[in-house]
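Colleague: structure here, sequence nowhere to be found:
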């Protein structure tokens, strides 16, 4: 989740990781856990989030701590926009993308488990329990994502530009993740076993 060396992996870094996981849980999956509401784009008032988070978890979080979490992360997972905060992607609750669809690069990538790969080859990529299918900007990112569930993930190369020409809409995020509703199998090629 964070780029940490053994020397830097002190109690402060572990605390930030724990807070980041809780923040992701609330902003991506269960805002009701701390009694906050998200708008249709997944945004909530930053001060309300901080107050409710601190009341619920009993751990100190502030805008400066959230900023530190954002700076240490290897991916941009959150955005503070004026007086609001939102998770940029990874929602299991319905949210609309803030960006307009854009033409993707020629290829994007998707890392997954061996068991899921067999189904993907015939049925394509589906949202499953997420609001969108996540595609990575490069193969290395896809490997990192796939390693979350499989130490030797399968990576698919996605013919993104061809899919866009066939009316698949692509929504970019600041972190290099592209979001789509689904990806038909015809645009997928296994490039790493």
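Modeller: Right, received. Where do you want to start? Not measured: the values here are computed from a predicted model. Numbering: from 1, shown residues only.
Colleague: what segments of this protein are strands?
Modeller: Under the criterion DSSP state E, the chain contains strands at 43-45, 78-81, 84-87, 108-112, 133-136, 154-158, 171-172, 177-180, 188-192.
Colleague: can I get these in a markdown table with mean neighbour count?
Modeller: C-beta: built from backbone N, CA, C; applies to glycine. Formatted as a markdown table, the strands of the chain follow (neighbours: other Cβ atoms under 10 Å):
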| stretch | mean neighbour count |
| --- | --- |
| strand 43-45 | 20 |
| strand 78-81 | 15 |
| strand 84-87 | 22 |
| strand 108-112 | 25 |
| strand 133-136 | 22 |
| strand 154-158 | 24 |
| strand 171-172 | 19 |
| strand 177-180 | 24 |
| strand 188-192 | 15 |
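Colleague: okay if I get those as a markdown table plus distance to residue 65 and mean pLDDT?
Modeller: What follows is the strands of the chain, written out as a markdown table (distance: least, Cβ to Cβ, whole Å; pLDDT from 0 to 100):
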| stretch | distance to residue 65 | mean pLDDT |
| --- | --- | --- |
| strand 43-45 | 17 | 93 |
| strand 78-81 | 12 | 82 |
| strand 84-87 | 12 | 89 |
| strand 108-112 | 30 | 97 |
| strand 133-136 | 26 | 93 |
| strand 154-158 | 35 | 98 |
| strand 171-172 | 28 | 89 |
| strand 177-180 | 24 | 90 |
| strand 188-192 | 37 | 92 |
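Colleague: could you dump those strands into CSV with distance to residue 57 added?
Modeller: Written out in CSV, the entries for the strands of the chain read as follows (distance: least, Cβ to Cβ, whole Å):
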stretch, distance to residue 57
strand 43-45, 16
strand 78-81, 17
strand 84-87, 16
strand 108-112, 31
strand 133-136, 27
strand 154-158, 36
strand 171-172, 31
strand 177-180, 27
strand 188-192, 39
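Colleague: residue 118 is nearest to which of those strands?
Modeller: Distance to residue 118, taken as Cβ to Cβ, is lowest for strand 154-158 among these, at 9.1 Å.
Colleague: coming back round to it: which of the strands of the chain sits closest to residue 17?
Modeller: With respect to residue 17, and counting by Cβ to Cβ, the nearest of the strands of the chain is strand 78-81 at 14.0 Å.
Colleague: out of the strands of the chain, which gets nearest to residue 16?
Modeller: With Cβ to Cβ as the criterion, residue 16 lies closest to strand 78-81 of these, at 12.5 Å.
Colleague: show me what the closest one is packed up against.
Modeller: Of the remaining helices and strands, those touching strand 78-81 by 3 or more Cβ pairs under 8 Å, 6 or more residues apart in numbering; DSSP states H and E are helix 63-72, strand 84-87.
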